[in-house]
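Chemist: Provide a 3D model corresponding to the input given below.
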Amino acid sequence: MHPPEHVLSLLDPRRGHVVADVGCGPGYFTLPIAERVQPAGRVVALDIAPEMLSRLRARVATAGVRNVALVQSEESRLPLAAATYDRVLLAFLIHELEAPDEVLRDVRHALRPGGLGVVVDWMPRETPAGPPLEVRVPAERVRERLERAGLAPQTPVDLGPHSYAVVFRRP
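Modeler: Prediction:
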């Protein structure tokens with residue numbers, strides 16, 4: 001995994017923003033985002049795995065962070081309020097989703113008009129880390145899915161030899 005700074009520079013969370021970290025895992029990006037949006041901003045961290053939320057809960061408590069809400073999510077439905085989020089991050093998640101189009105429609109629904117999101121995932125080639133090659137999703141396919149969901153993707157960006165990012169906006 002690479003340092004979170006490059007992803008955060010693309011996501012551009014700012015003081016006062018409301019950010020959804022979809023598929024947050026143990027909070028690799030959650031805590032740095034929470035630091036950037038404080039004191040008035042907040043992060044809603046979603047994951048389907050209770051053990052990931054438990055690990056993040058412990059990290060949040062240890063760090064003394066008060067602007068993170070943890071939410072148990074479903075595989076293909078995100079419990080996010082409409083037009084509430086300034087930013088949405090989906091990091092290393094797209095390749096795991098059974099219904100990516102439904103999830104991306106939920107992301108569009110959750111983002112405020114003009115809101116920004118970032119999809120980060122593994123390059124579709126063999127790398128020393130990451131999921132098996134056959135489940136990796138090329139950046140161009142992610143762009144197509146984002147467009148189908150009514151979002152406006154930018155040109156994919158390489159994040160180093162193992163991963164890429166696709167920045168998108170809600171028109």
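
Chemist: who does the longest strand belonging to the chain pair up with?
Modeler: Longest strand in the chain by number of residues (criterion: DSSP state E): strand 111-122. Here strand 111-122 has these sheet partners by DSSP bridges: strand 85-91 (parallel), strand 163-169 (antiparallel).

Chemist: what about the last one, average pLDDT?
Modeler: So that's strand 163-169. Computed over strand 163-169, the mean pLDDT rounds to 97.

Chemist: Show me which positions of it end up buried.
Modeler: Buried residues in strand 163-169, counted by 16 or more other C-beta atoms under 10 Å: 163-168. Using the backbone N, CA and C atoms, a C-beta is placed for each residue, glycine as well.

Chemist: Please convert the strands paired with strand 111-122 to TSV, extending it with distance to residue 62.
Modeler: Converted to TSV, the strands paired with strand 111-122 look like this (distance: least, C-beta to C-beta, whole Å):
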stretch	distance to residue 62
strand 85-91	21
strand 163-169	27
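
Chemist: Strands along this protein, start to end?
Modeler: Per DSSP E, the chain carries strands over the ranges 18-22, 42-47, 68-72, 85-91, 111-122, 152-153, 157-158, 163-169.

Chemist: Pick the most buried one from those.
Modeler: strand 18-22 (a mean of 27; mean count of other C-beta atoms under 10 Å).

Chemist: what's the angle between it and strand 68-72?
Modeler: Between strand 18-22 and strand 68-72, the angle comes out at 40 degrees (axes from the mean of the first three to the mean of the last three C-alpha atoms, to 10 degrees).

Chemist: what does strand 18-22 contact?
Modeler: Applying C-beta atoms under 8 Å, 6 or more residues apart in numbering, the external contacts of strand 18-22 come out as 11, 13, 27, 29-30, 33, 37, 41-46, 73, 78, 80, 84-91, 93, 103, 107, 110.

Chemist: what's the answer for stretch 94-106, then?
Modeler: Contact with stretch 94-106 is made by 22-23, 75-78, 80, 90, 119, 121-122, 131, 135-137, 142, 145-146, 148-151, as judged by C-beta under 8 Å, 6+ apart.

Chemist: and what of stretch 116-127?
Modeler: By C-beta under 8 Å, 6+ apart, stretch 116-127 touches 7, 10-12, 86-95, 107, 111, 130-131, 133, 136-139, 142, 146, 151, 158-159, 161-170.

Chemist: residue ranges of the helices in the chain, please?
Modeler: Taking DSSP state H, the helices of the chain run over residues 5-11, 30-37, 50-63, 100-110, 139-148.
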